[in-house]
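**Q** any chance you can model this:
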Amino acid sequence: MTSWSRGNKNEDKGERLMKKPGLADKAKGAVLKAAGEVEQGLDNVKDKVTGRQKTLKGTDPRPATPRKRSTSSKTSGK
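**A** Here you go, the predicted model:
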């Protein structure tokens, strides 16, 4: 799981918890949501610095560069 995906998952979980009636759930949800947003933001900064995307918002990704395939395959194809 990428850090962006993990951040998105934490943000969603936090939003669900914040809708529950208990104060402890609301507090935990707020912390998870904030942590998810921070993780996604840090991932966007890393991608901007490394040139993987043009903006810090993460909405303008550059096309992925093709990766070289290794000559030896570890899958048997069965």
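**Q** can you pull the buried residues of the top helix by length along the chain?
**A** Looking only at the chain and at elements set by DSSP state H, the helix with the highest residue count is helix 23-50. Buried residues in helix 23-50, counted by 16 or more other Cβ atoms under 10 Å: 28-29, 32-33, 36, 39-40, 43-44, 47-48. Backbone N, C-alpha and C define where each C-beta goes, glycine included.
**Q** skipping adjacent residues, who's closest to K28 in space?
**A** Nearest-residue entry for K28: L17, 5.5 Å, with adjacent residues in sequence omitted and distances by Cβ to Cβ, 6 or more residues apart in numbering.
**Q** work out the gap between the longest helix of the chain and the centre of the chain.
**A** In terms of Cα atoms, centre = their mean, to the nearest Å, the centre of helix 23-50 is set 9 Å apart from its chain centre.
**Q** i'd like the first residue to be 23 from this point on
**A** Shifting the count to begin at 23 puts that one at helix 45-72.
**Q** for that helix, packing partners?
**A** helix 25-40 (3 or more Cβ pairs under 8 Å, 6 or more residues apart in numbering; DSSP states H and E).
**Q** buried residues, the helix it packs on. List them.
**A** Those would be 26, 29-30, 32-33, 36, 39-40, for helix 25-40 by 16+ other Cβ under 10 Å.
**Q** for those, give me CSV that also has pLDDT and distance to A46.
**A** As requested, the buried residues of helix 25-40 are arranged in CSV below (pLDDT from 0 to 100; distance: Cβ to Cβ, whole Å):
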residue, pLDDT, distance to A46
W26, 74, 28
G29, 85, 22
N30, 87, 23
N32, 90, 17
E33, 91, 19
G36, 94, 13
L39, 94, 9
M40, 94, 11
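**Q** great, nothing more from me.
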